[in-house]
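Undergrad: This is a predicted model, with the sequence first.
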Amino acid sequence: MDPLLAVTNVVGIIAFSVAGSLKAIERRMDLLGVLTLGFSTSLAGGIIADVLLGKVPPSNLTEVQYPAIAIVSSALTFAFFRKVSKLRRPLLYADALGLGAFTASGASLAYSVDPNPVLVTLVGTITAVGGGVLRDVLANEVPLVLTRDFYATAAIIGSLTYYALAYLGLFRGYLTAVVLLLTFALRVAAIRRNWRLPTIAN
């Protein structure tokens with residue numbers, strides 16, 4: 001794996017695990033619930049993507065460091081909830097970095113299997129946001145990415161960009177960095193400028 005992607009993937013796993021754990025604590029779940037939501041938020045998207053591509057068993061289950069990082073991050077969030085909950089703003093940016101990393105890695109994997117724009121976009125997006133969707137479902141909420149945040153849209157744009165640049169022949173070593181940074185930048189801009197997709201007012 002690209003070194004940049006490897007590092008940012010770890011950052012993403014930690015940030016996503018913490019986000020899932022905080023959600024579980026807010027919903028008054030016990031330690032098992034916290035670990036479950038933390039694990040699901042950080043790793044479920046990649047697991048779903050691997051299954052869709054026929055890569056079984058998924059790497060997020062066979063490469064022990066990823067589940068270990070997710071579980072430890074979730075357990076520490078549970079143990080130090082009051083301190084961690086004060087870091088929500090920095091965690092948003094870490095989450096944005098993880099979004100970019102997961103988008104780039106998912107799109108790259110899909111392109112290597114079949115250079116199809118629908119597949120690349122779908123898998124890149126699912127890798128990035130699938131865990132968050134599962135987290136919200138487990139917390140008995142409408143998934144956040146479907147209601148108000150400019151979140152999945154950033155992953156969709158990033159995945160489409162990966163396909164377009166790969167199709168045009170951009171060196172694959174640069175592709176992941178470009179898509180990671182683009183997706184990250186879009187998400188950060190959305191946070192700072194409060195971007196939202198249009199909705200129908202009741």
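TA: Sure, I can see it.
Undergrad: Dihedrals phi and psi, the residue positioned nearest the centre of the chain?
TA: Among the residues of the chain, the one closest to the centroid is residue 128, at 3.3 Å (C-alpha atoms, centre = their mean). Main-chain torsions, residue 128, degrees, to the nearest 10: phi -80, psi -40.
Undergrad: what's around residue 80, how many residues?
TA: Neighbour count for residue 80, taken as other C-beta atoms under 10 Å: 10. Bear in mind the C-beta positions are built from the backbone N, C-alpha and C, glycine included.
Undergrad: What of residue 197?
TA: When neighbours are counted by other C-beta under 10 Å, residue 197 registers 13.
Undergrad: before we move on, what about residue 52?
TA: The tally of other residues near residue 52 (other C-beta under 10 Å) stands at 17.
Undergrad: confidence score at it?
TA: Residue 52 is assigned 94 on the pLDDT scale.
Undergrad: Quick check: closest non-adjacent residue to it.
TA: With C-beta to C-beta, 6 or more residues apart in numbering as the criterion, residue 52 has its nearest non-adjacent residue at 6.1 Å, and that residue is residue 123.
Undergrad: now whichever strand or helix holds the one you found, how far from the chain's geometric center?
TA: Secondary structure assigned from DSSP states H and E places residue 123 in helix 117-138. Between the centre of helix 117-138 and the centre of its chain there are 8 Å (C-alpha atoms, centre = their mean, to the nearest Å).
Undergrad: Since that was my last question, I'll sign off now.
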